[in-house]
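Novice: sequence unknown, structure follows:
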């Protein structure tokens, strides 16, 4: 997955990512085994990514404890997009719910202000 906030990653992340994907994993998803560059039936091309295993119960708590993502081989996995998205799905659902709640709270506040000004 694309790195959104580069400030939380080590400066050598690109080299570390390449090592994990192509040396350790030998170009294969470490979960399902699909090869990098494989063309799926729908035409999508598999691109391996490096996933932090920082989900609940995972071995990596570096972002929580240190405020940064780590580059420890035991804290990451080379995954295809499908497996990476599956791994991240629970956290994304929680984040989406929190974002929606904040948005709705903000709208309610604006509605109260607008309604109270009459």
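Specialist: Great, that's in hand. Please read all numbers here as calculations on a predicted model, not as lab measurements.
Novice: where does the protein have low pLDDT?
Specialist: Within the chain, the ranges that satisfy pLDDT under 70 run 1-4, 55-59, 106-118.
Novice: now residue 51: how far from residue 79?
Specialist: When Cβ to Cβ, to the nearest Å is the yardstick, residue 51 and residue 79 sit 5 Å from each other. Bear in mind the C-beta positions are built from the backbone N, C-alpha and C, glycine included.
Novice: Common neighbours of these two, please.
Specialist: When contacts are counted by Cβ atoms under 8 Å, 6 or more residues apart in numbering, residue 51 and residue 79 have residue 87 as shared neighbours.
Novice: the helices in the chain, which residues?
Specialist: Counting by DSSP state H, the segments of the chain that form helices are 13-18, 62-66, 81-116.
Novice: Can you tell me which of these is most buried?
Specialist: Between the helices of the chain, helix 13-18 has the highest mean count of neighbours, a mean of 14, where neighbours are mean count of other Cβ atoms under 10 Å.
Novice: What helices and strands are in contact with that one?
Specialist: Counting contacts by 3 or more Cβ pairs under 8 Å, 6 or more residues apart in numbering; DSSP states H and E, helix 13-18 packs against strand 49-52.
Novice: Pretty sure residue 83 sits against residue 28.
Specialist: No: no contact is recorded between residue 83 and residue 28 when judged using Cβ atoms under 8 Å, the distance being 11.1 Å.
Novice: So which of the helices of the chain is nearest residue 72?
Specialist: Comparing the helices of the chain by their distance to residue 72 (Cβ to Cβ), the top pick is helix 62-66, with 7.6 Å.
Novice: contacts for the closest one?
Specialist: Here helix 62-66 makes contact (Cβ under 8 Å, 6+ apart) with 8, 52, 54, 68-70, 72, 75.
Novice: Of the residues you listed, grab the buried ones for ChimeraX.
Specialist: Written as a ChimeraX command, the selection of buried residues from the contacts of helix 62-66, which uses 16 or more other Cβ atoms under 10 Å, is:
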select :52,54,69,70,75
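Novice: In strands, which of the contacts of helix 62-66 fall?
Specialist: The subset of the contacts of helix 62-66 located in strands under the criterion DSSP state E comprises residue 52.
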